[in-house]
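>>> predicted coordinates and the sequence they were generated for:
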Amino acid sequence: MIKITTIFSIWLVITVGLLACCAQEKTAKQHLLSPEAFKAYCDSLEQVQIVDVRTPEEWQSGIIENATRINWFDKEFEQLVSEQLDKEKPVIVYCASGGRSTRAQKKFLQLGFKEVYDLQGGITLWKQKKMKTVMP
């Protein structure tokens, strides 16, 4: 009888743990958007937050209009994100080609953001597709 109780207890703990993980994954959304989908998504929402995680030097070559600039390499990156962005509103993040923005997207989700999108190919592909940029 003790073995059955022990096995049931272990099964119950594992089941609850798996359900908790699944529930957490469903509340935090992570997406990759093409430049065209990125633009359409931004155009369809007033509350979207666009975040450029490149360096200040890179910003000088142009940014996507209305982008908040937060340098991925800044020692205060997490603090700046928490101060400047709303965790309840969707975030679209981009960098030069997609490496930093992928890491930033994961960081945003760890910080409690619910919906985070990443621009496929970064601003490099954005510009290749002749999409609009502005000077900071």
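Nice, thanks for sending it over.
>>> pretty sure Glu65 is touching Val134, no?
Yes. Counting by CB atoms under 8 Å, Glu65 touches Val134, with 4.9 Å between them. C-beta here means a position set from N, CA and C on the backbone, and glycine is covered the same way.
>>> what comes into contact with stretch 49-64?
With contacts defined as CB atoms under 8 Å, 6 or more residues apart in numbering, stretch 49-64 is touched by 42, 66-73, 81, 85-86, 89-96, 100-101, 104, 123, 126-127, 131-136.
>>> now that stretch, how far from the centre of its chain.
15 Å (CA atoms, centre = their mean, to the nearest Å).
>>> stretch 120-130 too?
18 Å.
>>> also stretch 117-133?
16 Å.
>>> what of stretch 83-100?
The answer for stretch 83-100 is 5 Å, by CA atoms, centre = their mean.
>>> any idea of the mean pLDDT for that stretch?
Mean per-residue pLDDT for stretch 83-100: 96.
>>> show the end-to-end separation of that stretch, please.
Terminal residues of stretch 83-100 are spaced 20 Å apart (CA to CA, to the nearest Å).
>>> name the residues of it that are buried.
Applying a neighbour-count criterion of 16 or more other CB atoms under 10 Å, the buried positions in stretch 83-100 are 85, 90-96, 98, 100.
>>> quick check: the farthest pair among the residues you listed?
Pro90 and Ala96 (21.9 Å; CB to CB).
>>> how about the most centrally placed residue in the chain, phi and psi?
The centre of the chain sits closest to Gln105, judged by CA atoms, centre = their mean, with a distance of 2.9 Å. Backbone torsions for Gln105, taken as degrees, to the nearest 10, come to phi -60, psi -50.
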